[in-house]
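*Asks:* Please find the sequence and the predicted model below.
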Amino acid sequence: MKLAFKKRQARQPHAAKADPLARLVGLLPQALTGSADEMERRLKSAFGNGEFRERAEVEQRKNATYWLLFTALLLLLLAAFAAQLARGGEPLVAVERPPYPAGPLRIGAEAEAAFGETSVKRKVELTVLPRDLDEAEKTARVRETARRLPQLILGDNESLAAVETDLKLIEYDGETGVAIAWASENPALLSDDGVLNRVAGRAGDSIDLKARLSLEDVSEVLEIKGVLGGGPASRESLAAGVVGALAETVAAVNASAEGESLTLPAEDARGVRYRWSGNASDLHIPELLALAIFGLVLYRGRYSRIDKQIKAVRRGMIKDFPEFIDKLLLMLNAGLVVSAAVSRIAADYELRKANGKPRPLYEELAAIRQRVENTNASLSVELNRMASRSGLRELMRFASIVADNIDKGSALAEKLKAEGELVWKLRRKDMEEAGRLAETKMILPMTLTLLTLILITMAPAVLDM
């Protein structure tokens, strides 16, 4: 027996060393993983003077695992951020143009221009214009607008055969990018803006409009000619020349609208080389913010699982307390004394608990029964300790009533009956509050469901417009 005990003692330190999480807990500060002594103190305050060290160490290992994941994510993010800063942002080779007729796309970039041993870096803003349309595409867009135009200008009228109100003479078709210019054949009856003058006309008068549909590119080219000197240039003049070449190249890139994508030049005709990259100054900000929130949640929740267990125990005790009072009253009225009644209730629970989940209040009463029978402890003292650990006012009042009965011989049944009515009343009140809280929580999903039904109902009508 002694030899086996020594062997187990020898294996325990080895097992602790072999556990990487246990070593990680030892390396991390307790401010992150939570103090095992604090966890044990909280557990003892709720469950009594039991052995909770192992449970506290398990919680520390869980917290250490989460912090290990947090550290790995942080290191990966910092490595990516450092690498991107080192290379000045992700290389830009091509940028997809926005679809026509969308507006230009503006992106920030870093440009490096080099000539010989001279190089400069500047932050620039690139303007990516929509690609140019060929003649066939322009014609197709104009014809599409012409086809849809009679319906687009109706306004509140049902058809052009019976115009009753002003027409909606649009000047631009956002889907095709076609510009429209209007001219009325009878401005006194209908203005060029589509305003109808009913006084100037009679039923049956004709309303004639002319629409000029145009989809044309307007461009301006500025040509600057100069002469290059043949003497050697200084470093400062070379740098100024490279800066000027970079400005001209950026201007040319911003004015370009050819091709499906914008290809950034790697070299110009003068031999100036370019390397383009995205701005690295504002990279990974959302990721860093999300990681910081994750770390804050981990730090604030290091004791949360234990606190949830304690709250669950207290809720269970409050839930079972009215039933316990009723059982105790029944046995007292049957002629049992309070100690025998409590012992009988605890013994009955121990016989039946294998068939269901443990119930915190009856578990405490069973432990009190064992201490009273095995160590001849005082029932009132044990009940007071249980009430103090739980922090529940109902149990404190019950322990005080039992202590008064044992010490002073006060009427126990009458007081317990009043206490039972009170706790049942409080339980009904708690259930009503829980019901109202559940109704409040249902408001959001019910609102989302209602909005979904409205969208489904209105979708066909919107699509037919």
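*Replies:* Perfect, I can see it now.
*Asks:* Not counting sequence-adjacent ones, nearest residue to E373?
*Replies:* S343 (7.3 Å; CB to CB, 6 or more residues apart in numbering). Heads up, the C-betas are built off the backbone N, CA and C, glycines and all.
*Asks:* Correct me if wrong: that neighbour contacts V372.
*Replies:* Yes - taking CB atoms under 8 Å as the definition, S343 is a contact partner of V372 at 7.2 Å.
*Asks:* More neighbours: which of these two?
*Replies:* S343 (21 against 18; other CB atoms under 10 Å).
*Asks:* From the contact counts, what lies against the strand or helix carrying N405?
*Replies:* In the assignment (DSSP states H and E), N405 maps to helix 393-408. Counting by 3 or more CB pairs under 8 Å, 6 or more residues apart in numbering; DSSP states H and E, the packing neighbours recorded for helix 393-408 are helix 304-333, helix 338-352, helix 379-390, helix 412-441.
*Asks:* Name the stretch among those that sits most buried.
*Replies:* helix 379-390 (a mean of 19; mean count of other CB atoms under 10 Å).
*Asks:* For this structure, which helix extends over the most residues?
*Replies:* helix 53-86 (DSSP state H).
*Asks:* before we move on, the earlier item: distance check, the residue nearest to E373 against R148.
*Replies:* S343 sits 90 Å away from R148, going by CB to CB, to the nearest Å.
*Asks:* next one: A183
*Replies:* 20 Å.
*Asks:* what does A239 give?
*Replies:* From A239 to R148 the distance is 56 Å (CB to CB).
*Asks:* what about those two, which has more around it?
*Replies:* Legend: neighbour count by other CB under 10 Å for A239 and R148, higher for A239 (16 against 13).
*Asks:* Check which helix or strand that one maps to.
*Replies:* Using DSSP H and E, A239 maps to helix 235-255.
*Asks:* Return the set of buried residues in that helix.
*Replies:* L238, A239, G241, V242, A245, L246, T249, V250, V253, N254 (16 or more other CB atoms under 10 Å).
*Asks:* want to try JSON lines for those residues, with distance to W276 and pLDDT as columns?
*Replies:* Output for these, formatted as JSON lines (distance: CB to CB, whole Å; pLDDT from 0 to 100):
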{"residue": "L238", "distance to W276": "21", "pLDDT": "60"}
{"residue": "A239", "distance to W276": "19", "pLDDT": "71"}
{"residue": "G241", "distance to W276": "19", "pLDDT": "65"}
{"residue": "V242", "distance to W276": "15", "pLDDT": "73"}
{"residue": "A245", "distance to W276": "14", "pLDDT": "76"}
{"residue": "L246", "distance to W276": "11", "pLDDT": "83"}
{"residue": "T249", "distance to W276": "10", "pLDDT": "84"}
{"residue": "V250", "distance to W276": "10", "pLDDT": "85"}
{"residue": "V253", "distance to W276": "9", "pLDDT": "84"}
{"residue": "N254", "distance to W276": "13", "pLDDT": "84"}
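*Asks:* I'd like these laid out as a markdown table, including distance to E54.
*Replies:* Output for the buried residues of helix 235-255, formatted as a markdown table (distance: CB to CB, whole Å):
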| residue | distance to E54 |
| --- | --- |
| L238 | 74 |
| A239 | 70 |
| G241 | 75 |
| V242 | 70 |
| A245 | 72 |
| L246 | 68 |
| T249 | 69 |
| V250 | 67 |
| V253 | 67 |
| N254 | 68 |
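*Asks:* Name the nearest of the residues you listed relative to P104.
*Replies:* In terms of CB to CB, no member of the buried residues of helix 235-255 lies closer to P104 than N254, at 8.1 Å.
*Asks:* element containing the closest residue to the closest one other than its chain neighbours?
*Replies:* Sequence neighbours aside, T127 is the residue nearest to N254 in space, at 3.9 Å (criterion: CB to CB, 6+ apart). Element membership of T127, judged by DSSP H and E, is strand 118-128.
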